[in-house]
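S.K.: need coordinates for the following:
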Amino acid sequence: MAEALVLAAFALSLAVGIAFGLSLLVPLACGLALFVGYGLHRGHRLGELLRVAARGPLSIGRVLVLFVVIGMLTASWRAAGTIPAVTCLSVRLVSPSTLPLASFVLCGLMSTMTGSSFAASATVGVVCMTIATAMRADVLIVGGAIISGSFLGDRCSPMSSTAMLVSTITHSSLRENLGRMLRISVVPVVACALIYAALGPAAGGAGMAPSFRGSFATSFDLSWYVLAPIALVLVLSLAKLSVLRTMLASLASALLLCVFAQHVPLGELPGILLFGFRTSNLAIGRMVNGGGVLSMTEIALIVAVASSYSGLFEETGLLRGIRAFVRRLAGRTTPFAGVLVTSVVTACIACDQVVSLMLTAQLCDEIEGDGSALALDLSSSAAIIPAVIPWTTSCVGLCAFVGMPTGSAAYAFLCMLIPLWTLVVSLWQRRHPGFALQRGGRVLGLDARDDARLIGHEVPAKLAEAS
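M.R.: Down below sits the predicted model:
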């Protein structure tokens, strides 16, 4: 009974916080107090509870460092003219009949390069919606394409803080996870592209796409070499350089471009890296302003506070009853089905992608035999499902950035197809034992760790060796 009351109070604090527009840190702090209070009720000492809570933030130091670097990188790309140049190139590919497909592809490319759904939506997404409005196109369909493309990279880009968080909470390899995520996403991505291509003639309006080159050219040098920071990310990622080194190399090249191509005074660079880039050109400010270390402060604090829940849940046994239910559900269906249902519930209650990921990982950590298998499940469920729930911060924030109705979430097909496809694959595995070790399973990025028969058990040595 006490467990249900504590979780209900936490859900209520989240709902109140969202309703009143409070920072997510407020309900998360309330949750921390509730969980500590529950521990005291169960007879644990305060000092002991605080120690286990502190283990979470201390264990994700590397992720917090990456947040800082990402903040500097997104600001430097703006100041270096990289994002404006990509935006100008993107517009050339757009026509009325291809607008939904182009929006999906362009936002997908930008989110993959930046690792952020918000960065993609606030740059190319704004451009695509501006074009849609100018053409009098269906903004709901175009908006859905923007959401789909924006969450493509947010889920599986080497620059993605979401991918880093998934790897951290599952204690798995980021690089390995990214490869597996990409392979299992091929079918949903192709299907999504075909859907938007088919909807193009119906969604497209009339008129020509506006040109932004003139507006950008007054503030930036848009020569080909300003694309160097993005090219470095692509090349170094293929060369399997670490994510941190790749980002630092891209950051260094962007800073050189800031000074020598865009003629930014050296004294202004620290401010840009810390506070973000701001242009004096009001006509393009909405598309290029942003980034900076401070822009990552809230998400870093959210992750730090949410990560403290792990130790408290384990120490107090708060989620033991729910874990048992999830385990029974997974046993009757598949491990991914258990993760998927849990993801939908936590996303609806928590109203936030990060919290949904953290809670789902806590509740489902016993139904997969390996952290990498759980990471693949999370990336196909809790990482993207919040995008299609209209009251989550992911959906509301992204729609606010672009200036589109939240009803666009109904057309974010990729965020629905990936969970459904992964569910189909998991059910196929259930009916065909050993599929994960066969050629078809390997093409999809599966291996012995994803065997649907393994629920809460270690991967047998023979299977592990075969993988």
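S.K.: skipping its backbone neighbours, what lies nearest residue 362 in space?
M.R.: In this structure, residue 362 finds its nearest non-sequential neighbour in residue 313, 5.3 Å apart by CB to CB, 6 or more residues apart in numbering. Just so you know, the C-beta spots here come from the backbone N, C-alpha and C atoms, and that holds for glycine as well.
S.K.: quick one, grab the pLDDT at that neighbour.
M.R.: You'll see residue 313 listed with a pLDDT of 81.
S.K.: again with residue 123
M.R.: Taking residue 123 on its own, its pLDDT is 68.
S.K.: swap in residue 453?
M.R.: Residue 453 is assigned 60 on the pLDDT scale.
S.K.: kindly report the same for residue 54.
M.R.: Here the pLDDT value assigned to residue 54 is 89.
S.K.: could I get the buried residue list for the helix or strand encompassing residue 244?
M.R.: Following DSSP states H and E, one finds residue 244 within helix 243-260. Residues of helix 243-260 classed as buried by neighbour count (16 or more other CB atoms under 10 Å): 243, 246, 247, 248, 249, 250, 251, 253, 254, 255, 257, 258.
S.K.: just stretch 222-238 next, same as before
M.R.: 222, 226, 227, 228, 229, 230, 232, 233, 236, 237.
S.K.: which residues touch residue 288?
M.R.: 78, 83, 84, 123, 216, 277, 279 (CB atoms under 8 Å, 6 or more residues apart in numbering).
S.K.: if you tally nearby residues, what's the number for the fifth one?
M.R.: Translated: residue 216. Using other CB atoms under 10 Å, residue 216 has 23 other residues around it.
S.K.: before we move on, what about the third one?
M.R.: Per other CB under 10 Å, the neighbour tally for residue 84 reads 28.
S.K.: next one: it from residue 421, what distance?
M.R.: Going from residue 84 to residue 421 by CB to CB, to the nearest Å gives 35 Å.
S.K.: what's the answer for the last one, then?
M.R.: Here the criterion is CB to CB. By it, residue 279 lies 41 Å from residue 421.
S.K.: before we move on, back to that, what helix or strand is the residue nearest to residue 362 on?
M.R.: Per DSSP H and E: helix 297-316 holds residue 313.
S.K.: and the helix or strand that that helix is followed by, what's buried?
M.R.: Next helix or strand after helix 297-316 toward the C-terminus (DSSP H and E): helix 320-332. Using 16+ other CB under 10 Å as the test for burial, helix 320-332 gives 322, 323, 326, 327, 329, 330.
S.K.: low-confidence ranges in the stretch 51-200 of the chain?
M.R.: Residues of the stretch 51-200 of the chain meeting the criterion pLDDT under 70: 122-123, 134.
S.K.: hmm, try it at 50
M.R.: Applying pLDDT under 50 to the stretch 51-200 of the chain picks out no residues at all.
S.K.: got the residue ranges for the helices in it?
M.R.: Counting by DSSP state H, counting those that start in this stretch, one finds helices in the stretch 51-200 of the chain at the ranges 61-79, 82-91, 99-114, 117-120, 126-135, 139-156, 161-170, 174-203.
S.K.: so which bits of the longest one are buried?
M.R.: Just to be clear, that refers to helix 174-203. By neighbour count on 16+ other CB under 10 Å, the buried set for helix 174-203 is 174, 177-178, 180-185, 187-189, 192-193, 195-196, 199-200, 203.
S.K.: point to the residue nearest the middle of this protein.
M.R.: residue 154 (3.5 Å; CA atoms, centre = their mean).
S.K.: wait, what's in contact with that one?
M.R.: 111, 115, 116, 117, 120, 160, 162, 383, 384.
S.K.: skipping adjacent residues, who's closest to it in space?
M.R.: Residue 154's closest residue in space is residue 117 (CB to CB, 6+ apart), at 3.8 Å.
S.K.: so that neighbour sits against residue 146, correct?
M.R.: No: under the criterion of CB atoms under 8 Å, residue 117 makes no contact with residue 146, lying 9.6 Å away.
S.K.: before we move on, the earlier item: just the buried ones from the contacts of residue 288, in PyMOL syntax?
M.R.: To isolate the buried ones among those in PyMOL, judged by 16+ other CB under 10 Å, type:
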select buried, resi 78+83+84+123+216+277+279
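S.K.: let me know the closest of the contacts of residue 288 to residue 448.
M.R.: residue 123 (40.6 Å; CB to CB).
S.K.: ok, back up a step: between the contacts of residue 154, which is nearest residue 344?
M.R.: Closest to residue 344 out of the contacts of residue 154 is residue 384 (11.4 Å), distances taken as CB to CB.
S.K.: contacts only, for that closest one.
M.R.: Residue 384 neighbours (CB under 8 Å, 6+ apart): 151, 154, 155, 414, 415, 418, 419.
S.K.: for residue 374, same thing?
M.R.: 170, 172, 339, 361, 364, 365, 368 are the contacts of residue 374 under CB under 8 Å, 6+ apart.
S.K.: just the buried members of the residues you listed?
M.R.: 170, 172, 339, 361, 364, 365, 368.
S.K.: so among these, where is pLDDT lowest?
M.R.: At the low end of pLDDT for those is residue 368, which has 77.
S.K.: which SS state does that residue fall under?
M.R.: At residue 368 the chain is in coil, as set by DSSP: H, G, I helix; E, B strand; the rest coil.
S.K.: quick one: it and residue 361 touch, right?
M.R.: No: contact criterion CB under 8 Å: residue 368 and residue 361 do not qualify, at 10.2 Å.
S.K.: looks to me like residue 262 is in a strand.
M.R.: No: counting by three-state DSSP, one finds residue 262 to be coil, located in no strand.
S.K.: that one against residue 78, yeah?
M.R.: No: using CB under 8 Å as the test, residue 262 is too far from residue 78 to be in contact (10.1 Å).
S.K.: for the helix or strand harbouring residue 424, packing partners?
M.R.: Using DSSP H and E, residue 424 sits in helix 414-431. With contacts taken as 3 or more CB pairs under 8 Å, 6 or more residues apart in numbering; DSSP states H and E, helix 414-431 sits against helix 139-156, helix 174-203, helix 335-350.
S.K.: now those helices as a markdown table including distance to residue 16?
M.R.: Putting the helices and strands packed on helix 414-431 into a markdown table (distance: least, CB to CB, whole Å) gives the following:
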| stretch | distance to residue 16 |
| --- | --- |
| helix 139-156 | 26 |
| helix 174-203 | 34 |
| helix 335-350 | 13 |
